[in-house]
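S.K.: Predicted model and sequence below, questions to follow.
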Number of protein chains: 2
Amino acid sequence: MSDARRYADLPSPFPMKRGGALAGARVAYETWGALAPARDNALLILTGLSPSAHAASSPDDPSPGWWEAMIGPGKAIDTDRWFVICVNSLGSDKGSTCPASTNPATGEPYRLDFPELSLEDVANAAHVAVSQLGIDRLACLVGCSMGGMSALAYMLLHPGSVRAHISVDTAPQAQPFAIAIRSLQREAIRLDPGWARGTYDLHPGDRADATYPDAGMSIARKLGVITYRSAMEWNGRFARIRLDSDQREEHPFGVEFQVESYLQAHAERFVRTFDPNSYLYLSRASDWFDVAEYGHGSVREGLRRICIEQALVIGVSTDILFPLEQQEQIAEGLREAGADVEFVALDSPQGHDAFLVDIESYSRAIGGFLGRL
Amino acid sequence: MSDARRYADLPSPFPMKRGGALAGARVAYETWGALAPARDNALLILTGLSPSAHAASSPDDPSPGWWEAMIGPGKAIDTDRWFVICVNSLGSDKGSTCPASTNPATGEPYRLDFPELSLEDVANAAHVAVSQLGIDRLACLVGCSMGGMSALAYMLLHPGSVRAHISVDTAPQAQPFAIAIRSLQREAIRLDPGWARGTYDLHPGDRADATYPDAGMSIARKLGVITYRSAMEWNGRFARIRLDSDQREEHPFGVEFQVESYLQAHAERFVRTFDPNSYLYLSRASDWFDVAEYGHGSVREGLRRICIEQALVIGVSTDILFPLEQQEQIAEGLREAGADVEFVALDSPQGHDAFLVDIESYSRAIGGFLGRL
């Protein structure tokens, strides 16, 4: 399997915000395009909870990336102009040090001995990777979903390290509805006997007898997909269409409607491809992050501490997880802090996931903004 | 324990819409007020998925009912004027025949041998109870949430049996978002090893070692509460308030935010008080119900077959499970069918559950409508 990942070793020990430190830790990243001699064309992408650093294909890894339609020569994030970096979040199992990694102090996987993870740690680790590439200042920092919160942490913790910012479908802090959803996702995993208090089989393969929280991960993923999309989209897409009788499950209460098999397909693709403990750590970090911690309890004051030149803030009216009013809050705060801010409110029907689906609208906004930089 | 329930024996066999029949089945109900000699003041309430027939207190059962603030002398549903009946849905374990009941053919509980349940069966069983009380025609039929769909079935299957209708926070059919949520609730129960394909301990009491889908029922209930309320309400009510440190759970990823302990409390009150198989049957029935089946595939045509004199249709803009557009659909359909229809769109912040919480707004609408009958 081809692999375009490179790795940045973190200083050892790497201190964590909430206490403890990691020894010998690293983060994975990929890059596209070329760094200009003046080192002034770097664009960093921080990701949502589950994506890897493989945001787009490259000669080293020609498989399509999670934002393939957005990144490449002549695309909205034009790799003929920008040196694009995508870092896999610290704590994610897509190459970065995470709860499934070996704890050098014991020679065993960390599992729940991994120190408490915050998005500030994710941001600091990404900053190390950028620094090691010889970049003092990013031309642009792009953050999508959870990555948008990591990006806010990055700018708060590393003043002067970013010129322009693109904030995509994110929030300055989690609201109680989002906390409730994520808490329930975590509970579904924790209550699954296969989770075994974090001691499940780290390499279950396809084995049916592996100790693994398949049910919990499936429920967590389905709940995720339900909240990442929108009721409006599904009314048009699925309505009340049934599966053909030969596609239905035979057991009682099995899948019958198309929307159910759509969720099932999403869950099956996810369940054994993401480390459950890593999921728990990153999910909790999303609940914890709060810009108000940097503003004496005020989101507005926290945002006012971010000094950048320009920003594009995008949100979608159908997003129930990160509602549009939260992107408006970010736009206003950055504007008050002195940035030249463009706020784009879209009405894409796809909900929170619109940035992955409504490529036309997002390309227009992001490509337009980058073109004017 | 005092008990105000009475029982209506269903004809035996009682044929079910999707096939099969129940032998020796019954439904529980309670009544308040007195039936007028002309038998023209009967008001029937059909309930949501989980409530019992105990909608209000009475001398026989002075404990508060689930709609206590709405029903009683001088209240919006005035028991000095109306003879109020509330029927426990067929298939619910609050006194009516349900999957936990004994199958007379085997002497064992039905469990998954209970025939497939539809809301049409719920409606037909309620109609039996009303008929046995000597009532040919209801002065008013009130249906809340799932009960609103049962009420539509009642009017479609028993033309001429209802004069006026009050439709509360309901829908003519489930949309895919609601199907997805309910499907996931059912999956959480089914995937819990304690469900044991429906053979869990029917009388678990408080025993920690009982075979029972505690985790699945907890997840199902929490997901229910999340979709019954609204993000807007929770922003004001919980924001990001943490529990005091002595209230927090000690295990990793335990409850930390107030919104999490709110969900936990709801789940604890529910988990062992509702039969899991009954929950599965009623939940699936809610997904199946579709007025369009009565209108050659058209909701509008289906609703046009309902002949009543007057209707009040109430909905709430913050309801994500039964969105306001669906109540509008009901109002328009009943109007086209010739009824004098009042449509009330509320902006209560409590979401789908507003009818249980925003008593002032619902009392005004329902009391006003009933006063004009």
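M.R.: Happy to help now that I have it. Keep in mind that what you see is a predicted model, and the values were worked out from it rather than measured.
S.K.: quick one, phi/psi of the closest residue to chain B within the stretch 1-150 of chain A?
M.R.: The nearest approach of the stretch 1-150 of chain A to chain B comes at A:Leu112, 5.5 Å away (Cβ to the nearest Cβ). For every residue, glycine as well, the C-beta is placed using N, CA and C. Dihedral pair for A:Leu112: phi -80, psi 0, per degrees, to the nearest 10.
S.K.: State the distance from it to B:Phe253.
M.R.: As judged by Cβ to Cβ, to the nearest Å, A:Leu112 and B:Phe253 stand 9 Å apart.
S.K.: got it, and A:Ser286?
M.R.: Separation of A:Ser286 from B:Phe253 (Cβ to Cβ) stands at 13 Å.
S.K.: Likewise for A:Ile45?
M.R.: As judged by Cβ to Cβ, A:Ile45 and B:Phe253 stand 28 Å apart.
S.K.: ok, these two, which is more surrounded?
M.R.: Shown here are A:Ile45 and B:Phe253; by other Cβ atoms under 10 Å in any protein chain shown, A:Ile45 has more neighbours (30 against 18).
S.K.: my guess is the more buried one contacts A:Phe83, does it?
M.R.: No. The pair A:Ile45 / A:Phe83 is not scored as a contact, 11.7 Å apart, by Cβ atoms under 8 Å.
S.K.: Does the lowest-mean-pLDDT helix or strand in chain A reach chain B?
M.R.: Ranked by mean pLDDT, DSSP states H and E, the weakest helix or strand in chain A is helix A:231-237, scoring a mean of 93. Yes. Helix A:231-237 reaches chain B (Cβ under 8 Å from any Cβ of the partner chain) through A:231, A:234-235, A:237.
S.K.: Which positions within that helix qualify as buried?
M.R.: Buried residues in helix A:231-237, counting neighbours by 16 or more other Cβ atoms under 10 Å in any protein chain shown, are found at A:231-235.
S.K.: And for stretch A:321-338?
M.R.: Across stretch A:321-338, burial judged by 16+ other Cβ under 10 Å covers A:321-324, A:326-327, A:329-335, A:337.
S.K.: re earlier: switch the buried residues of helix A:231-237 over to a markdown table; also include distance to B:Arg18.
M.R.: What follows is the buried residues of helix A:231-237, written out as a markdown table (distance: Cβ to Cβ, whole Å):
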| residue | distance to B:Arg18 |
| --- | --- |
| A:Ala231 | 27 |
| A:Met232 | 31 |
| A:Glu233 | 30 |
| A:Trp234 | 25 |
| A:Asn235 | 25 |
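S.K.: out of the residues you listed, who's nearest B:Ser348?
M.R.: Nearest to B:Ser348 out of these is A:Ala231 (Cβ to Cβ; 19.1 Å).
S.K.: distance of the spatially closest residue to A:Ala153 that is not a sequence neighbour from A:Tyr262?
M.R.: Leaving aside its sequence neighbours, A:Ala153 sits nearest to A:Ala123 (Cβ to Cβ, 6 or more residues apart in numbering or on different chains; 3.9 Å). Using Cβ to Cβ, one obtains 34 Å as the distance from A:Ala123 to A:Tyr262.
S.K.: More neighbours: which of those two?
M.R.: Between A:Ala123 and A:Tyr262, A:Ala123 has the larger neighbour count (other Cβ under 10 Å), namely 29 against 19.
S.K.: give the contact list for that one.
M.R.: Applying Cβ atoms under 8 Å, 6 or more residues apart in numbering or on different chains to A:Ala123 gives the contacts A:46, A:150-151, A:153-154, A:157-158.
S.K.: hmm, which of these are the buried ones?
M.R.: The neighbour count (16+ other Cβ under 10 Å) marks A:46, A:150-151, A:153-154, A:158 as buried among these.
S.K.: Which ones among those map onto helices?
M.R.: Counted as lying in helices by DSSP state H, out of these, are A:150-151, A:153-154.
S.K.: how about low-confidence regions in chain A?
M.R.: A:1 (pLDDT under 70).
S.K.: Can you give me the domain boundaries for it?
M.R.: With automatic domain parsing as the criterion, the domains of chain A are listed as A:6-174+A:291-372, A:178-279.
S.K.: chain center to the shortest one, what's the gap?
M.R.: Same thing as domain A:178-279. Put simply, domain A:178-279 sits 19 Å off its chain's centre (Cα atoms, centre = their mean, to the nearest Å).
S.K.: just checking, A:Phe114 touches A:Leu282?
M.R.: No. In this structure A:Phe114 lies outside contact range of A:Leu282 using Cβ under 8 Å: 11.0 Å.
S.K.: and for the two, which residues touch both?
M.R.: The contact sets of A:Phe114 and A:Leu282 overlap at A:Gly91 (Cβ under 8 Å, 6+ apart).
S.K.: Keeping just the C-alphas, turn stretch A:290-297 into PDB.
M.R.: Taking C-alpha atoms only, stretch A:290-297 is exported to PDB below (Å, rounded to 0.1, in the frame of the first residue of the first chain):
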ATOM      1  CA  ASP A 290     -13.700  26.500  24.900                       C
ATOM      2  CA  VAL A 291     -12.500  29.800  23.500                       C
ATOM      3  CA  ALA A 292     -14.000  31.500  26.600                       C
ATOM      4  CA  GLU A 293     -11.200  30.100  28.700                       C
ATOM      5  CA  TYR A 294      -8.900  32.600  26.900                       C
ATOM      6  CA  GLY A 295     -11.300  35.500  27.500                       C
ATOM      7  CA  HIS A 296     -12.000  35.400  31.200                       C
ATOM      8  CA  GLY A 297     -15.200  33.400  30.600                       C
END
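S.K.: so the nearest residue to A:Gln132 once chain neighbours are set aside bridges to which residues?
M.R.: Of all residues not flanking A:Gln132 in the chain, A:Ala8 sits nearest, at 4.9 Å (Cβ to Cβ, 6+ apart). On the basis of DSSP bridges, A:Ala8 is bridged to A:Val27.
S.K.: ok, A:Ala8 - contacts?
M.R.: A:26-27, A:29, A:87, A:125, A:128-129, A:132.
S.K.: The residue nearest to A:Gln350 when sequence neighbours are not counted and A:Gly254, how far apart?
M.R.: In this structure, A:Gln350 finds its nearest non-sequential neighbour in A:Val357, 4.5 Å apart by Cβ to Cβ, 6+ apart. To A:Gly254, A:Val357 is 28 Å away according to Cβ to Cβ.
S.K.: right, so the domains of chain A: which one is the most enclosed?
M.R.: domain A:6-174+A:291-372 (a mean of 20; mean count of other Cβ atoms under 10 Å in any protein chain shown).
S.K.: Straight-line length of it, end to end?
M.R.: Its start and end residues considered, domain A:6-174+A:291-372 measures 31 Å (Cα to Cα, to the nearest Å).
S.K.: what's the spacing between it and its chain's center?
M.R.: Chain-centre distance of domain A:6-174+A:291-372: 8 Å, with Cα atoms, centre = their mean.
S.K.: Isn't A:Arg300 up against A:Ala331?
M.R.: No. Using Cβ under 8 Å as the test, A:Arg300 is too far from A:Ala331 to be in contact (11.7 Å).
S.K.: ok so, going back, excluding chain neighbours, what is closest to the residue of the stretch 1-150 of chain A closest to chain B?
M.R.: Excluding the flanking residues, the one nearest A:Leu112 by Cβ to Cβ, 6+ apart is A:Gly198, at 4.2 Å.
S.K.: List the residues that contact that neighbour.
M.R.: A:Gly198 makes contact with A:99, A:111-112, A:276-277, B:252, according to Cβ under 8 Å, 6+ apart.
S.K.: let's see 10 Å
M.R.: Residues near A:Gly198 by Cβ atoms under 10 Å, 6 or more residues apart in numbering or on different chains: A:99, A:109-114, A:189-190, A:213, A:276-277, A:280, B:252-253.
S.K.: now, which of the residues you listed lie within helices?
M.R.: Those of these mapping onto helices are A:189-190, A:276-277, A:280, per DSSP H.
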